[in-house]
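>>> The following comprises the amino acid sequence and a computationally predicted model.
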Amino acid sequence: MHLSIRNLYKTFDDFVALDRISLDVGDHDFICLLGPSGCGKTTLLRIIAGLMPFDGGALTMGDTDLAAIPARERGFGIVFQSYSLFPNMTVAENVAYGLKIRKESSDAIQTRVEALLEMIKLPHLAERYPHQLSGGQQQRVAIARALAVDPALLLLDEPLSALDARVRVEMRAEIREVQRRLGIPTIMVTHDQEEALSLADTIVCMNQGRIEQTGTPEDLYLRPRTRFVADFVGQSNLLPTAWVREACPECLDGRPDGKDEAFELCIRPEMVALSRDETAEGRVTDISFLGNVTRLQVAWRGRALAAEISGPCGLRPGDAVAAALSSGAWVRT
Ligand code: ATP
């Protein structure tokens, strides 16, 4: 069933937290709400969950107007950032909770709980209590609990943010696999762009209560439409039109009509090609070797450019280099 959000509006006193948000969530979609702290991601998720009212617009699931339906009757699974397991219940009891409320038979509950614990790879921990689990294990159980009732929609609010970096990356893959296998439409809030790029079918990039851009991860990375998106998703060189006209006139191709100040050219660091050239005016000013890539800062035609080369590069600070820019996207400032 299709979730449709139309011109959703939400204020806290005179502060506009959500400013006419529109979004469609299809049957098997994995959507990430991505944006900086305070942009309205959690507010939007809470409104979808039914945990908070809204002031304008429409929220429907299929033909049902959700505004009239309380949270517990929406049939959505929710996982929050902080582990919200019941501390006095075992893992198995936590996962079984929603099924018990629905008064399912104990045989059916047991079968379902076993299958879910198998899926999250924790069948051996069924009898443990939450305080006896690691953070990553607790979040897996929270996800299993949310999935137990076959939710029409899975809502995840920064479910990985309390975990350490390595566990986060592992859990990303697990969440994606479970979501694909079950085909449950999922909306996940995150402020971590790498997480959004790696997980989402569709990223909704938000800024100050508005949607800046909705698109696939490739769209947002390769074809950002605004300076905000270019800057928030990945690293970028944002080059003013006037500078491009002087320094790299061939890059003006494809520039939309409008005042110089209205647009900038976004060039990702890996699209800056450097070649050692004693006669060139470019200078390497800084190098960091990160293993799989080397990041460089280059002073070129009056600007500092960020460049990235895969693997080690053999250049040193002070080396003279020529730079060539390609595959830029023009963004609104
Ligand atoms: P974070 O990543 O920090 O959680 P967020 O994008 O999820 O940020 P929200 O929690 O949705 O942001 O908050 C959006 C804005 O609305 C913030 O400026 C916040 O201060 C404000 N806000 C949220 N809840 C309330 C409330 N109950 N009363 C007043 N203002 C609120």
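That came through, no problem. Numbering: from 1, shown residues only.

>>> you'd agree L122 is up against R140?
Yes - with contact defined as C-beta atoms under 8 Å, L122 counts as touching R140 (6.0 Å). To be clear about C-beta, it is placed using only N, CA and C from the backbone, and glycine gets the same treatment.

>>> For this structure, which helix extends over the most residues?
Looking across the chain with DSSP state H, the single longest helix is helix 165-182.

>>> Any buried residues in that helix, and which?
Buried residues in helix 165-182, counted by 16 or more other C-beta atoms under 10 Å: V167, R168, M171, R172, E174, I175, V178, Q179.

>>> so how far is that helix off the chain centroid?
13 Å (C-alpha atoms, centre = their mean, to the nearest Å).

>>> Please apply the same query to stretch 180-192.
The answer for stretch 180-192 is 10 Å, by C-alpha atoms, centre = their mean.

>>> same check, this time on stretch 319-332
On the basis of C-alpha atoms, centre = their mean, stretch 319-332 sits 27 Å off its chain's mean C-alpha point.

>>> then it to CSV, C-alphas only?
Output of stretch 319-332 as CSV, limited to C-alpha atoms (Å, rounded to 0.1, in the frame of the first residue of the first chain):
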residue,chain,number,x,y,z
ASP,A,319,54.8,19.7,-6.4
ALA,A,320,53.6,21.5,-9.6
VAL,A,321,50.5,20.0,-11.1
ALA,A,322,48.0,20.7,-13.9
ALA,A,323,44.4,20.2,-13.0
ALA,A,324,41.5,19.2,-15.3
LEU,A,325,37.9,19.3,-14.1
SER,A,326,35.1,17.1,-15.5
SER,A,327,31.6,16.0,-14.8
GLY,A,328,30.4,19.0,-12.9
ALA,A,329,26.8,19.7,-11.8
TRP,A,330,25.4,23.2,-11.8
VAL,A,331,23.7,23.9,-8.5
ARG,A,332,21.5,26.7,-7.2
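
>>> neighbour count winner among L122 and R140?
Comparing L122 with R140 by other C-beta atoms under 10 Å, the one with more neighbours is R140, at 26 against 19.

>>> Can you tell me the closest non-neighbouring residue to that one?
Using C-beta to C-beta, 6 or more residues apart in numbering and skipping the chain neighbours, the partner closest in space to R140 is I120 (4.2 Å).

>>> re the thing from before, which helices and strands sit right next to the longest helix of the chain?
If you count contacts as 3 or more C-beta pairs under 8 Å, 6 or more residues apart in numbering; DSSP states H and E, helix 165-182 packs onto helix 135-148, helix 193-199.

>>> any residues touching that helix, and which ones?
Helix 165-182 has contacts (C-beta atoms under 8 Å, 6 or more residues apart in numbering) with 28, 30, 119-121, 134-136, 139-140, 143, 147, 154, 156, 159-160, 163, 186, 188, 195, 198-199.

>>> Next: stretch 211-224.
The contact list for stretch 211-224, computed with C-beta under 8 Å, 6+ apart, reads 21-23, 35, 196-198, 200-206, 225-226, 228-230, 233-234, 236, 266, 268, 327, 329, 331.

>>> what's the straight distance from one end of that stretch to the other?
End-to-end distance of stretch 211-224 (C-alpha to C-alpha, to the nearest Å): 13 Å.

>>> Give me the mean pLDDT for that stretch.
If you average the pLDDT over stretch 211-224, you get 96.

>>> What of stretch 152-168?
Taken as a whole, stretch 152-168 has an average pLDDT of 88.

>>> Need the CA coordinates for the helix or strand of the chain with the lowest mean pLDDT. CSV is fine.
Of all helical and strand segments in the chain, the minimum by mean pLDDT, DSSP states H and E falls on helix 165-182, at a mean of 86. Below are the C-alpha coordinates for helix 165-182, written out as CSV (Å, rounded to 0.1, in the frame of the first residue of the first chain):
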residue,chain,number,x,y,z
ALA,A,165,31.5,2.6,13.5
ARG,A,166,32.2,-1.1,12.7
VAL,A,167,29.0,-2.4,14.1
ARG,A,168,27.1,0.3,12.2
VAL,A,169,28.4,-0.8,8.9
GLU,A,170,27.6,-4.4,9.6
MET,A,171,24.1,-3.6,10.7
ARG,A,172,23.5,-1.5,7.6
ALA,A,173,23.9,-4.5,5.5
GLU,A,174,21.7,-6.6,7.8
ILE,A,175,18.9,-4.0,7.8
ARG,A,176,19.1,-3.8,4.0
GLU,A,177,19.0,-7.5,3.6
VAL,A,178,16.0,-8.0,6.0
GLN,A,179,14.1,-5.1,4.3
ARG,A,180,14.7,-6.6,0.9
ARG,A,181,13.7,-10.0,2.0
LEU,A,182,10.5,-8.9,3.6
